[in-house]
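J.: turn this into a structure:
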Amino acid sequence: MALSACATPRVLVVDDHRKIRDPLAVYLRRYAMDVRTAEDAAGMWQLLKQQAFDVIVLDVMLPDANGFDLCEQLHRRADAAVILLTARDAAADRVRGLDLGADDYVVKPFEPRELVARINSLLRRRGAARPQPVAVPAQGPQRYVFAGLSFTPATRLLVRGDATCVKLSTAESRLLSVFLAHPSQVLSRDRLIDLTATPGSDVFDRAIDRQVSRLRRKLSGEMAETPLQTVWGGGYLLAADVAPSAP
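T.: Numbering: from 1, shown residues only. Okay, here's the model as predicted:
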């Protein structure tokens with residue numbers, strides 16, 4: 001989901017502590033954000049049925065659910081960036097949250113202004129503040145066929161061997177196009193950042209890792225194998241023969 005240049009970012013704060021949740025919502029509204037709050041997972045899902053959000057600030061410890069489990073569910077069911085809010089600063093917890101699809105991780109206690117900066121950074125990375133059109137080269141291939149899949153950059157449509165169609169996000173489409181242009185080549189994180197960054201974007205190493213993880217899941221579907229491989233210490237590799245073709 002992308003906002004128009006003048007749209008108000010929609011933020012959902014999910015925390016069971018009212019003395020944290022309510023003042024935080026008031027603070028975020030000072031920065032021109034449309035904020036809703038929920039005290040538990042049930043309230044969060046109810047609000048998500050009513051409207052979409054750009055960013056979800058999610059407390060890890062909720063009375064009716066584990067924030068890590070919710071993060072994984074949100075990754076599948078909601079097109080929103082997720083910032084985990086927790087009192088635990090263990091590296092294992094941070095890695096776990098990011099592996100499950102979290103976009104950022106904030107440790108309590110924190111400065112509200114820092115959270116505002118992180119939300120704005122996520123909005124920029126998702127193209128919410130200044131959406132940038134994805135340019136499709138005029139002379140580029142109209143469709144790619146690889147590893148039993150086909151991908152059309154102009155429509156961002158991925159078709160699996162069983163005819164299942166998956167719509168990729170703008171970031172996923174851009175990332176897949178880079179891999180398809182460099183098949184069987186190991187691409188480092190820095191190289192991927194250079195090839196996928198757009199004007200005004202704010203991309204970091206772990207953002208690339210998260211995007212690759214999401215793209216990998218969409219490529220594999222229900223299958224265990226995926227053509228998008230991790231090369232430890234090197235980066236990522238699309239292990240497939242790629243054939244450009246007409247639609």
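J.: not counting its own residues, what contacts the helix ranked longest in the chain?
T.: For the chain, the longest helix by residue count, based on DSSP state H, is helix 205-220. Contact with helix 205-220 is made by 75, 98-99, 101-103, 125, 147, 149, 158, 166, 168-169, 171-172, 175-176, 189, 192-193, 196, 226-228, 230, 236, as judged by CB atoms under 8 Å, 6 or more residues apart in numbering. (Each C-beta comes from the backbone N, C-alpha and C, glycine too.)
J.: try stretch 26-38
T.: So stretch 26-38 is contacted by 8-15, 21-22, 25, 44, 46-47, 51, 53, 112, 115-116, 119 (CB under 8 Å, 6+ apart).
J.: do that again at 10 Å, thanks
T.: With contact meaning CB atoms under 10 Å, 6 or more residues apart in numbering, stretch 26-38 is reached by 7-16, 18, 21-22, 24-25, 43-48, 50-51, 53-59, 62, 112-113, 115-117, 119-120, 123.
J.: I'd like the next helix or strand past the lowest-mean-pLDDT helix or strand in the chain.
T.: Least confident helix or strand of the chain, by mean pLDDT, DSSP states H and E, is helix 91-99 with a mean of 59. Per DSSP states H and E, the first helix or strand lying C-terminal to helix 91-99 is strand 104-107.
J.: can I get that following strand in CSV, CA atoms only?
T.: Provided in CSV are the C-alpha atoms of strand 104-107 (Å, rounded to 0.1, in the frame of the first residue of the first chain):
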residue,chain,number,x,y,z
ASP,A,104,12.1,-2.4,12.8
TYR,A,105,12.6,-3.0,16.5
VAL,A,106,12.4,-0.5,19.3
VAL,A,107,13.4,-1.2,22.9
